[in-house]
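# Got a predicted structure plus its sequence, pasted below:
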Amino acid sequence: MSVVVAEEQTRGRGRLDRTWVSPPRAGLTFSVVLQPTEITGWLPLLAGLAVARAVGAQCELDAMVKWPNDVLVDNKKVCGLLAEVVGDLVIVGIGLNVTTRADELPHAQATSLRLAGASSTDRETLLKAVLRELRQAVDERPLASYRERCCTLGRRVRLELPDGSAVEGLAETVDDEGRLVVDGIAYAAGDVVHLRG
């Protein structure tokens with residue numbers, strides 16, 4: 001496992017070519033280089049689980065995962081991840097808002113660990129915790145733990161698909177390939193919106 005850490009992000013890229021920035025020393029922005037495995041489809045999900053576990057342990061916050069891998073605290077996004085296959089490697093990019101101020105966040109549905117009341121915002125300690133959790137998740141493949149921490153399951157959702165269409169229904173489970181099952185149909189990619197009711 002190789003890791004590259006940035007002090008700030010000025011041209012970050014998320015899913016669907018969305019852009020974002022992270023002010024200097026306000027977040028953890030890093031990429032982890034992994035070898036592909038037979039669970040490559042699960043790697044971004046397990047990375048989200050690793051971040052949620054580390055945030056829970058180090059910051060004493062109840063962090064949940066929104067499928068596929070956004071990390072939420074108090075139903076607000078605190079971390080986003082992007083995994084890409086590059087040649088014979090998988091690169092997982094992680095952006096975690098640590099001490100980001102409210103006026104530095106991109107929208108009202110985002111938060112930072114400090115704004116959420118974290119007991120600690122030490123970035124080095126948190127980075128080490130995330131990497132430990134990620135290594136453990138890759139080794140142990142705790143798929144059941146992901147499902148337990150996934151706040152998307154059991155909710156009505158709108159899934160916005162890559163082709164521009166959308167489906168609504170009940171998010172039933174995440175299957176063994178990491179796909180979200182909505183009303184009996186498995187989807188490998190999409191943006192989830194949690195619906196009320």
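Arrived safely.
# How about exporting the longest strand belonging to the chain as PDB, limited to the C-alpha atoms?
Scanning the chain for the strand with the most residues, using DSSP state E, yields strand 76-86. Provided in PDB are the C-alpha atoms of strand 76-86 (Å, rounded to 0.1, in the frame of the first residue of the first chain):
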ATOM      1  CA  LYS A  76     -24.200  15.500   6.300                       C
ATOM      2  CA  LYS A  77     -21.300  14.600   4.100                       C
ATOM      3  CA  VAL A  78     -17.900  14.700   5.800                       C
ATOM      4  CA  CYS A  79     -15.900  12.600   3.300                       C
ATOM      5  CA  GLY A  80     -16.000  11.600  -0.300                       C
ATOM      6  CA  LEU A  81     -14.100   8.900  -2.100                       C
ATOM      7  CA  LEU A  82     -13.200   8.000  -5.700                       C
ATOM      8  CA  ALA A  83     -11.700   4.800  -6.800                       C
ATOM      9  CA  GLU A  84     -10.100   4.300 -10.200                       C
ATOM     10  CA  VAL A  85      -8.300   1.400 -11.900                       C
ATOM     11  CA  VAL A  86      -5.100   2.700 -13.500                       C
END
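# by contact count, what packs against it?
helix 43-59, strand 70-73, strand 89-97 (3 or more C-beta pairs under 8 Å, 6 or more residues apart in numbering; DSSP states H and E). For the C-beta atoms, the positions are set from N, CA and C on the backbone; glycine is no exception.
# looking at those, which is closest to residue 34?
strand 89-97 (4.7 Å; C-beta to C-beta).
# just the angle between that closest one and helix 43-59, please?
Between the axes of strand 89-97 and helix 43-59, defined by axes from the mean of the first three to the mean of the last three C-alpha atoms, to 10 degrees, the angle is 40 degrees.
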